[in-house]
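In: Please work out how this folds:
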Amino acid sequence: MTELPRLQLIYFKLRALAEAPQMIMHYANVPYTYEMAWDFYGKPWPEAKPEVAFGQLPVLVVDGHTHIWQSGAITRYVATLTGTLPDDPLLAAQVDAVFDSTQELFPPLNPTVNVTAGDVHEQRKEAFLDSFPATLKNFAQQLERTEDGPFFFGAKPYYCDFSAYHHFSLAQMLKADILDPHASVLHFMAAVESLPGVSEYLASRPELIDVGTEPKLVINKGGGIATALVVGYKIVLANALNNEKLAPSIVNPRHPVRLACTNSSGLPG
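Out: Numbering: from 1, shown residues only. This next block holds a predicted model:
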């Protein structure tokens with residue numbers, strides 16, 4: 001059996017671009033560490049950013065020396081380690097097509113849920129809710145093409161399924177019943193949530209609360225909350241958000257893998 005590489009996933013503490021690879025690694029029981037950018041680089045993120053390839057996070061560090069940036073590349077690489085990438089090249093291309101379609105949901109969805117507040121949030125939320133039903137219908141049609149579901153390509157989940165789940169679950173935070181018109185999508189969501197490893201991860205990750213007003217993550221079930229302005233994430237999302245005002249967010253919640261903390265100023269990086 002091939003020995004697994006040492007994996008360090010570097011990001012901010014947000015429920016965004018690092019979710020799909022984390023779900024996949026929990027599903028396959030692949031060990032990794034999750035590290036805050038300012039902890040890994042040993043300096044505030046704005047200072048570390050110029051030293052990072054294309055100034056982007058997340059980054060996956062493999063065996064301490066190879067750095068992989070771009071969330072799609074990270075997810076596809078993790079898929080090769082976890083059995084969630086098909087061997088058949090034609091099926092792999094189809095899986096990748098679904099994955100790329102889920103990635104297109106990032107700009108309108110992840111910042112709206114994780115970062116914006118007030119009028120900006122309401123405007124972005126309204127725009128997303130107007131456009132998403134047609135997109136969701138397309139996803140439902142793809143799910144319904146497979147008779148032996150519940151996943152996009154049958155009874156076995158591939159990496160596209162984890163990305164779809166992440167984005168669909170964020171959409172539910174904007175409108176709880178938004179998936180209800182499509183039984184196939186609801187069946188899919190329940191199937192992902194019941195996967196070994198994934199169910200434990202979803203139950204243990206910090207709860208995202210106060211979306212639209214002051215989004216934050218609950219540190220633990222006892223209600224502890226850390227509040228800090230996500231300066232680094234503002235930089236990452238500046239183009240997507242057109243430099244709109246960001247709300248406070250969490251940076252150091254309880255997590256089943258190793259985390260770093262905020263610096264002495266109380267701000268991430």
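In: okay, CA-based contacts and neighbour counts for the rest of this
Out: Will do.
In: Tally up the residues packed near residue 182, please.
Out: For residue 182, the count of nearby residues is 16 (other C-alpha atoms under 10 Å).
In: no wait, residue 161
Out: Residue 161 - counted by other C-alpha under 10 Å - has 23 other residues nearby.
In: in what helix or strand does it lie?
Out: Using DSSP states H and E, residue 161 sits in helix 159-174.
In: so residue 164 touches residue 102, yeah?
Out: Yes: between residue 164 and residue 102 there is a contact at 5.5 Å, judged by C-alpha atoms under 8 Å.
In: So those two - more neighbours on which side?
Out: residue 164 (24 against 21).
In: Would you check how far apart that one and residue 3 are?
Out: 29 Å (C-alpha to C-alpha, to the nearest Å).
In: what do you get for residue 50?
Out: In terms of C-alpha to C-alpha, residue 50 sits 33 Å off from residue 3.
In: neighbour count winner among these two?
Out: Per other C-alpha under 10 Å, whichever of residue 50 and residue 3 has more neighbours is residue 50, with 11 against 5.
In: Give me the distance between that one and residue 158.
Out: In terms of C-alpha to C-alpha, residue 50 sits 34 Å off from residue 158.
In: cool, residue 30 as well?
Out: Applying C-alpha to C-alpha to residue 30 and residue 158 gives a distance of 15 Å.
In: Which of these two has more residues huddled nearby?
Out: Each of residue 30 and residue 158 has its neighbours counted (other C-alpha under 10 Å); residue 158 has more, 23 against 17.
In: looking at it, the more buried one is touching residue 82, isn't it?
Out: No: with contact defined as C-alpha under 8 Å, residue 158 does not count as touching residue 82 (9.4 Å).
In: how about the helices in the protein?
Out: Per DSSP state H, the chain carries helices over the ranges 19-27, 37-41, 45-48, 71-82, 89-103, 106-114, 118-144, 159-174, 183-193, 198-204, 231-236, 238-241.
In: okay, these in CSV with mean pLDDT and distance to residue 56 next?
Out: Converted to CSV, these look like this (pLDDT from 0 to 100; distance: least, C-alpha to C-alpha, whole Å):
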stretch, mean pLDDT, distance to residue 56
helix 19-27, 98, 16
helix 37-41, 95, 11
helix 45-48, 95, 10
helix 71-82, 98, 10
helix 89-103, 98, 16
helix 106-114, 94, 15
helix 118-144, 97, 23
helix 159-174, 98, 19
helix 183-193, 98, 29
helix 198-204, 95, 25
helix 231-236, 34, 7
helix 238-241, 34, 12
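In: Adding distance to residue 211 as columns, could you present those in a markdown table?
Out: Formatted as a markdown table, these follow (distance: least, C-alpha to C-alpha, whole Å):
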| stretch | distance to residue 211 |
| --- | --- |
| helix 19-27 | 18 |
| helix 37-41 | 24 |
| helix 45-48 | 24 |
| helix 71-82 | 23 |
| helix 89-103 | 21 |
| helix 106-114 | 6 |
| helix 118-144 | 9 |
| helix 159-174 | 8 |
| helix 183-193 | 21 |
| helix 198-204 | 18 |
| helix 231-236 | 16 |
| helix 238-241 | 16 |
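In: how does this protein divide into domains?
Out: Structural domains assigned to the chain are 7-82, 89-201, 207-241, following automatic domain parsing.
In: that older thread, could you give me the buried positions within the helix holding residue 161?
Out: Across helix 159-174, burial judged by 16 or more other C-alpha atoms under 10 Å covers 159-168, 170-171, 173-174.
In: Residues in contact with stretch 152-171: which ones?
Out: Here stretch 152-171 makes contact (C-alpha atoms under 8 Å, 6 or more residues apart in numbering) with 19-21, 23-24, 75-76, 79, 83-86, 95-96, 98-99, 102-103, 105-106, 109-110, 113, 142-143, 146-149, 151, 178-179, 189, 192.
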